[in-house]
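1. just a sequence and a predicted model for now, questions to come.
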Amino acid sequence: MRALRRSYTTESFKTIAKESPILLRDACHCSKCVDPSTHQREFNYIDIPTNIYVSSIDPDPETGTWKVRWENDIAGYGDHVSIFPQSVLIQLLDGIPAGLDAHRTVSIWDQNKFAEETRDIDYEHLLHDDGSLSVALELIQRHGLIFVTGIPEDEEAVKKMLVRLTGLYRNTFYGESWNVRSVPQAKNVAYTSGNLGFHMDLLYMKEPPGLQLLHCLQNSCQGGESEFADTFKAIDVLRQEQPRYVDRLVKSKIRYGYSNDGHFYSDDKPVIKVSNGQHHPLPRILNAADPSFMETVDCVFWSPPFINSIAHAAHDGDTKEFLQASRAFAEVMQRPELIYETKLPAGTCAVFDNLRVVHARKAFDMNSGSRWLKGMYGDRQDVLSKSLKHVWAK
C-alpha cells in the first residue's frame, strides 16, 4: 500500500488525466452527475465512452480544486466540466475509492497500552451526550474494546446502548438479545460454568457480527473473570518472530460449523483476512512493529470450539506448518502481557469488535452467587456509518 499523505505535483495529477480518464470521469460527483438530494448517480458507468479523454486539467488557486474539461463525454453531457477536490485526485493516485476523506486510528495494544489509552464511558452520558458518543465510537475504532459503566439493572439497557452506537442491531437465531447464564444441557459452551478460552462469536456464519455487547447485570460468583486480547497485536508480534506463520494463516482456510438445536451454519475462513490495502476509511496504525502490513489486515477469525474441520488447510499447503502456525498464534495471544483481565462488575458493559478482539471467561462456582450477562450483536459497517457524523465530521 502506498504511504498516506505523500506529496504530489501538478504533473502527477495530469498523469491521471492522461492514463485514467475513465476512472477520473467515473469519480465526478458534481450536481449533474450525482443528485444532491438522493446522492445517487444520474449516469450509468457503462455509458462512459471508451475513447473519452481530458482536453484540459487546471488548478483553481482560489478554491484549491481542479477543473477538468472533457472530449467525447457521456452522451447528453455537452460542455460538462468536472470540479475535483485535490483529495479525490490523491485518492485516485493512491488507488483507493473516491469518497469519504477520512482516516480512522487503529492503536494496537497489549495490557499496559490498553490501560494507558482507554477510558470508561458513562452510560447516561453515552445515551444523551454527543461528546461521549464521539469518544465511544473513536475508542471502538482505536482499540476494538470499551467499557460502559453506571448501567442500571435493566434488561433493555443493552439495546439502548447498541442502538445509540450503531442505530441498528443484529438479529440471530439467539434472538435480538440473549442471556449468558449457566443452564442444564447447554446448547452452547457459553451457557456453562466452565472455562471458556479465547474465541469470537458466530464465525460459522457467512457474515459474522462485527460488534458484541455484554452487559453484566449480576456477577457475585467466585471466579468468572473476563479476559480480552487484541489479535492485531498478536499478529504484529508473530510477524516479527515467525513471519512465515503469518503468511500461512493468511493463505489457509478452515471450516467453521454449527449444527445443533435445529440450526445449521457452515463457512470457510482464513485465520487472518487481509485486504488489498484499500480499506475505507484508511487506517492509521499506531504501536505496530510493521504498520505497513497491519494496514492490510481486515479482521481475524478465531473460535476453536466451533471449528468443524481443518481439512481445507491441507489443500493450501503444509498441514503441519498450518498447525504450527496456529499453535504459535494461540501462544502469543495467551502471553500474560497481552491479556486484559477484569471481573465485570454489575452495571458494566463490555463493547468489543468481534472480528478483532478475542474474549474468554474463567470458570466460576455456580453455588457461590449469581452471574448474569445480557448480550447483543451489531455490525462493523453500522459503527463506521455512525462514526461519519460523530467522529470524522469533527
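-> Ah, there it is.

2. isn't residue 139 up against residue 126?
-> No - under the criterion of C-beta atoms under 8 Å, residue 139 is not in contact with residue 126, lying 11.3 Å apart. C-betas here are computed from N, CA, C, even on glycine.

3. quick check: residue 175 vs residue 54, distance?
-> 55 Å (C-beta to C-beta, to the nearest Å).

4. between these two, tell me which one has more neighbours.
-> Set residue 175 next to residue 54 and count neighbours by other C-beta atoms under 10 Å: residue 54 wins out with 18 against 10.

5. does that one count as helix, strand or coil?
-> Following DSSP: H, G, I helix; E, B strand; the rest coil, we place residue 54 in the strand state.

6. all helices for the stretch 51-200 of the chain, in order.
-> Here the stretch 51-200 of the chain has its helices, by DSSP state H, counting those that start in this stretch, at 86-93, 111-117, 123-128, 130-143, 157-166.

7. next, format the ones you listed as TSV and append mean pLDDT, mean neighbour count and distance to residue 261.
-> Formatted as TSV, the helices of the stretch 51-200 of the chain follow (pLDDT from 0 to 100; neighbours: other C-beta atoms under 10 Å; distance: least, C-beta to C-beta, whole Å):
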stretch	mean pLDDT	mean neighbour count	distance to residue 261
helix 86-93	83	19	47
helix 111-117	97	15	36
helix 123-128	98	17	33
helix 130-143	97	20	31
helix 157-166	97	21	23
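
8. adding distance to residue 58, write the ones you listed out as a markdown table.
-> Formatted as a markdown table, the helices of the stretch 51-200 of the chain follow (distance: least, C-beta to C-beta, whole Å):
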| stretch | distance to residue 58 |
| --- | --- |
| helix 86-93 | 12 |
| helix 111-117 | 45 |
| helix 123-128 | 48 |
| helix 130-143 | 37 |
| helix 157-166 | 43 |
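
9. quick one: closest of those to residue 312.
-> When those are compared by C-beta to C-beta, helix 130-143 sits nearest residue 312, at 31.7 Å.

10. where does the stretch 101-250 of the chain dip in pLDDT?
-> For the stretch 101-250 of the chain, the stretches with pLDDT under 70 are 101-102, 182-193.

11. what sits against residue 283?
-> Applying C-beta atoms under 8 Å, 6 or more residues apart in numbering to residue 283 gives the contacts 103-106, 294-295.

12. hang on, it in a helix?
-> No - looking at residue 283 with three-state DSSP, it is strand, so not inside a helix.

13. that one bridge partners, please.
-> Taking DSSP bridges as the rule, residue 283 bridges to residue 104.

14. and it, how far from residue 291?
-> According to C-beta to C-beta, residue 283 and residue 291 sit 9 Å apart.

15. just checking, residue 89 touches residue 16?
-> Yes - with contact defined as C-beta under 8 Å, residue 89 counts as touching residue 16 (6.1 Å).

16. residue contacts, residue 203?
-> The contact partners of residue 203, by C-beta under 8 Å, 6+ apart, come to 256, 267, 269, 301-303, 306.

17. same thing but at 10 Å, please
-> With contact taken as C-beta atoms under 10 Å, 6 or more residues apart in numbering, residue 203 is in contact with 254, 256-258, 265, 267, 269, 300-303, 305-307, 354-355.

18. just the buried ones from those?
-> Taking 16 or more other C-beta atoms under 10 Å as the criterion, what is buried in those is 254, 256-258, 265, 267, 269, 300-303, 306-307, 354-355.

19. show me the domain layout of this structure.
-> 10-99, 104-392 (automatic domain parsing).

20. can you tell me which of the ones you listed is most buried?
-> A comparison of the domains of the chain by mean neighbour count, using mean count of other C-beta atoms under 10 Å, puts domain 104-392 on top with a mean of 18.

21. and the nearest residue to residue 168 once chain neighbours are set aside, what element?
-> The shortest distance from residue 168 to any non-neighbouring residue, by C-beta to C-beta, 6 or more residues apart in numbering, is to residue 382 (5.1 Å). In the assignment (DSSP states H and E), residue 382 maps to helix 380-387.

22. quick one: list the elements packing against that helix.
-> Packing contacts for helix 380-387, counted by 3 or more C-beta pairs under 10 Å, 6 or more residues apart in numbering; DSSP states H and E, involve helix 130-143, helix 157-166, strand 211-219, strand 348-353.

23. off-centre distance for it?
-> Remark: helix 380-387 is offset 9 Å from the chain centroid, using C-alpha atoms, centre = their mean, to the nearest Å.

24. return the member of the contacts of residue 203 nearest to residue 154.
-> Nearest to residue 154 among these is residue 354, at 23.3 Å by C-beta to C-beta.

25. hmm, the closest one is touching residue 228, no?
-> No - using C-beta atoms under 10 Å, residue 354 makes no contact with residue 228, being 11.5 Å away.

26. can you pull the residues that touch both of the two?
-> Counting by C-beta under 10 Å, 6+ apart, the shared contacts of residue 354 and residue 228 are residue 144.

27. report the contact partners of residue 124.
-> Applying C-beta under 10 Å, 6+ apart to residue 124 gives the contacts 132, 150-152.

28. which ones among those residues map onto strands?
-> Among the contacts of residue 124, no member falls in strands (criterion: DSSP state E).

29. could you dump the residues you listed into a markdown table and include distance to residue 329?
-> Shown next, in a markdown table, are those (distance: C-beta to C-beta, whole Å):
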| residue | distance to residue 329 |
| --- | --- |
| 132 | 35 |
| 150 | 36 |
| 151 | 34 |
| 152 | 39 |
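
30. ok, the residues you listed vs residue 165, which is closest?
-> Using C-beta to C-beta, residue 132 is the member of those that lies nearest residue 165, at 11.0 Å.

31. picking up where we left off before, for the contacts of residue 283, work out which two are farthest apart.
-> Farthest apart among these - using C-beta to C-beta - are 103 and 294, which lie 14.2 Å from each other.

32. quick check: next helix or strand after the helix or strand harbouring residue 229?
-> If you go by DSSP H and E, residue 229 is part of strand 226-230. Remark: after strand 226-230, the chain's next helix or strand is helix 231-241, criterion DSSP H and E.

33. CA atoms of the following helix or strand past that next one as PDB?
-> Next in sequence after helix 231-241, counting helices and strands by DSSP H and E, comes helix 243-251. The C-alpha coordinates for helix 243-251 follow below in PDB (Å, rounded to 0.1, in the frame of the first residue of the first chain):
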ATOM      1  CA  PRO A 243       6.700 -14.200   9.600                       C
ATOM      2  CA  ARG A 244       6.100 -17.400   7.600                       C
ATOM      3  CA  TYR A 245       3.500 -18.500  10.100                       C
ATOM      4  CA  VAL A 246       1.500 -15.300   9.500                       C
ATOM      5  CA  ASP A 247       1.600 -16.000   5.700                       C
ATOM      6  CA  ARG A 248       0.300 -19.500   6.400                       C
ATOM      7  CA  LEU A 249      -2.600 -18.200   8.500                       C
ATOM      8  CA  VAL A 250      -3.500 -15.800   5.700                       C
ATOM      9  CA  LYS A 251      -3.500 -18.400   3.000                       C
END
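
34. lovely, talk soon.
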